[in-house]
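> Test case, fold it:
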Amino acid sequence: MSTRTITLGPSQLALEEPMYFKVQVAGDVVVGLDVIAGQVHRGMEHLVMKRNLYQNITLLERLCSLCSNSHPSTFCSAVEEVAGICIPPRAEYLRAVADEIKRISSHLFNCAVVAHIIGQGSLFQRAMEVREIMQDTKEFIYGNRMDLAANCIGGVRNDLAPESAGYLRDQMERMKAPLDELLCSFETDPAVLGRTEGVGVLTRRHAIDFAVVGPVARACGIDYDVRRKSPYGAYDRLRVSVAVETGGDVRARALVRLREAREAVSLVGQCLAEMPGGPVWADTLPEIPAGEAIAKSEAPRGELIYYLNTDGSDLPARLKWRVPSYMNWDALKVMLQGEKVANIPLIVNSIDPCISCTDR
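The predicted model follows:
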């Protein structure tokens, strides 16, 4: 059968964000793929060079909405590494709380979109309804439903008052049953299984070859999570259970995210139970010396790496980050091979792509 090339994008797929695909098809089956990024390039790596280290915390939080806490948190860790700043233990726990709250919201949003794409409207509504518990939590504790503005160099901006801690504990308890309900739906509902099981398969061997990270890798049986493999902040004192599936398909990726959301609820509970007292930021901050550092964290989409080079001024000499979406985008070439054209939006969404990070 002869092949032809069709173009998809830049705004029709999954989340309707600007990504451009050239797809080679034979009939209605995908036989090749070329992903073309750069539709919304914002020059972020240039902009950070024009702002001082403190101003960049605000800028980096706007690099990506669903990972908005991971970027400034990892950046602050790199600055603290260069300057030799030890943040207070209570601040480490508070950073973990903010990260895990964002992880729950991010994963639920992705699973909701999966439900929407496969035509399960009630499941989509339920996932978004459960996510709204976390959105209300963020607004109550941080004053914002998306960007938390929780981090500063040397710690966190605000402490967690006793009444806020009690509210957060109650909200985490509210999340447990709905998350188990959603997990059951993705595990057993025949309508969901029929559209997600065996679709967009990425084998463990290909996952290693493409160096995919985060839930995409863990859905292929790769037990790698920065929080456990290279603990940062408070994670060396928390009991982190890594969710791993072996199917490597859309279903497996959704199950990993839902199990990680359930584990995030447990981690927030651990933080609230074990959080020490004391200050939430360093008393004094030294001048940032010349040097370089690498910091990494487990963002909702996977391993996030920041490289910082300083020259003794308050402006970064170089700041660069590697986001999880890069490797995951490339693996779509394998996931889409042999799939129906109609499955492209579903499979693309299953890697939880971040166009903002990709086109930074």
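
> Can you classify the closest residue to Arg4 other than its chain neighbours by secondary structure?
Closest residue in space to Arg4, ignoring its immediate chain neighbours: Val25 at 6.3 Å, by C-beta to C-beta, 6 or more residues apart in numbering. For every residue, glycine as well, the C-beta is placed using N, CA and C. The three-state assignment at Val25 reads strand, by DSSP: H, G, I helix; E, B strand; the rest coil.

> same check, this time on the one 10 residues further on
Following three-state DSSP, we place Val35 in the strand state.

> That one: neighbour count?
Counted with other C-beta atoms under 10 Å, residues neighbouring Val35 total 18.

> Run through the bridge partners of the residue nearest to Arg4.
Arg4, Val30 (DSSP bridges).

> Just the pLDDT for it.
Val25 carries a pLDDT value of 91.

> Number the chain from 301, please
Sure, I'll start counting at 301 from here, so that last one is Val325.

> wait, Leu615 sits on Arg351?
Yes: counting by C-beta atoms under 8 Å, Leu615 touches Arg351, with 7.4 Å between them.

> List the contacts of the residue nearest to Arg304.
The neighbours of Val325, taking C-beta atoms under 8 Å, 6 or more residues apart in numbering as the test, are 303-306, 331, 641.

> Distance-wise, check it relative to Gly638.
Distance of Val325 to Gly638, given as C-beta to C-beta, to the nearest Å: 11 Å.

> Buried residues of the lowest-mean-pLDDT helix or strand in the chain, list them for me.
When the helices and strands of the chain are scored by mean pLDDT, DSSP states H and E, helix 655-658 comes last with a mean of 76. Counting neighbours by 16 or more other C-beta atoms under 10 Å, one finds that the buried residues in helix 655-658 are 655-658.

> how about the strands of this protein, start to end?
With strands called from DSSP state E, the chain shows them at 304-308, 320-326, 329-336, 451-452, 455-456, 590-599, 602-611, 616-622.

> Using a markdown table, please lay out the ones you listed together with distance to Ile401.
Shown next, in a markdown table, are the strands of the chain (distance: least, C-beta to C-beta, whole Å):
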| stretch | distance to Ile401 |
| --- | --- |
| strand 304-308 | 34 |
| strand 320-326 | 33 |
| strand 329-336 | 31 |
| strand 451-452 | 13 |
| strand 455-456 | 13 |
| strand 590-599 | 13 |
| strand 602-611 | 17 |
| strand 616-622 | 22 |
